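> quick one, structure for this:
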Amino acid sequence: MATNNTPKKTAIPDWLLKSREVWQHRGQQRPAFAEPTAAGQISVWDFPRPPALKAVTQKLEVYDKEDLIAKTTKGFAMLETASPPTYYIPIADVDTSLLALVQNKSSICEWKGKAQYWTLRKNPHEYVAWSYKNPFAPYEALKDHLAFYPQQLSCFVDGEKVSPQPGNFYAGWITKNLAGPFKGSPGTAHW
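Alright, predicted model coming up:
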């Protein structure tokens, strides 16, 4: 008898589906306060909502001081209205011996599902990454990937050191080819 090894899809609760409906900005039209783009720049206000997941071949690197935590050319960029890309790196390209999975900390993303958090083994009091064990559709490709906070670590895209997205909640990687303003500062939660 044949068995079906297809993973069961994680159901999205109704209350979470309803929370998706409240967003005013969805990447269809730039607001009046959007920064103009210079030559070679893209506006984060052109990114869609729901977010788009894009495979990237740029070299992504993450360091804690001199320790290389992650390096890949097989990542994903999550592109969402008002935010710089959040990059996800395959766990196979992460030195997990430097990290520890936090046992009693989680949160829920209305788009991707339940997140679990990671710390550095040498500093277990600060979250430096997160992952999704069972991401919602259509983001299943994020399973077995980690995203890193550039607020706590040094992160690079093709050798360019990124600036962190404002605030401590979001973890977008700001590069010189992006025009904002970026969600994360006080008063921007509704963006």
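> which residues touch the most centrally placed residue in the chain?
Nearest to the centroid of the C-alpha atoms of the chain, with distances taken as C-alpha atoms, centre = their mean, sits Thr86, at 3.1 Å. With contacts defined as C-beta atoms under 8 Å, 6 or more residues apart in numbering, the neighbours of Thr86 are Ala77, Met78, Glu80, Ala147, Tyr170, Ala171, Gly172, Trp173. To be clear about C-beta, it is placed using only N, CA and C from the backbone, and glycine gets the same treatment.
> and it, what are its bridge partners?
Met78 (DSSP bridges).
> state the pLDDT value of it.
The pLDDT attached to Thr86 in the predicted structure is 98.
> give me the distance between it and His125.
With distances defined as C-beta to C-beta, to the nearest Å, the gap from Thr86 to His125 amounts to 23 Å.
> about what we covered before: which of the contacts of Thr86 has the most neighbours?
Top of those by neighbour number is Gly172, holding 29 neighbours under the definition other C-beta atoms under 10 Å.
> my guess is Asn134 is in a helix, correct?
No: the assignment for Asn134 is coil, going by DSSP: H, G, I helix; E, B strand; the rest coil, so no helix is present there.
> any low-confidence regions in this protein?
Applying pLDDT under 70 to the chain flags residues 1-8.
> quick one, helices of it?
Under the criterion DSSP state H, the chain contains helices at 14-19.
> so what's the residue count around Leu17?
Using other C-beta under 10 Å as the criterion, Leu17 is surrounded by 10 other residues.
> from Pro135, how far out is it?
Between Leu17 and Pro135 the distance is 15 Å, computed by C-beta to C-beta.
> likewise Lys54?
When C-beta to C-beta is the yardstick, Lys54 and Pro135 sit 15 Å from each other.
> what is Leu178 paired to in the beta sheet?
On the basis of DSSP bridges, Leu178 is bridged to Ile42.
> what residues of stretch 173-185 count as buried?
Within stretch 173-185, the residues that qualify as buried by neighbour count (16 or more other C-beta atoms under 10 Å) are Trp173, Ile174, Thr175, Leu178, Ala179, Gly180, Pro181, Phe182, Lys183, Gly184.
> got it, and stretch 137-155?
The neighbour-count criterion (16+ other C-beta under 10 Å) identifies 139-140, 142, 145-155 as the buried residues of stretch 137-155.
> how about these in a markdown table, adding distance to Arg49?
Formatted as a markdown table, these follow (distance: C-beta to C-beta, whole Å):
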| residue | distance to Arg49 |
| --- | --- |
| Tyr139 | 13 |
| Glu140 | 19 |
| Leu142 | 17 |
| His145 | 21 |
| Leu146 | 23 |
| Ala147 | 18 |
| Phe148 | 23 |
| Tyr149 | 22 |
| Pro150 | 22 |
| Gln151 | 23 |
| Gln152 | 26 |
| Leu153 | 27 |
| Ser154 | 29 |
| Cys155 | 23 |
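> kind regards, and thank you for your time.
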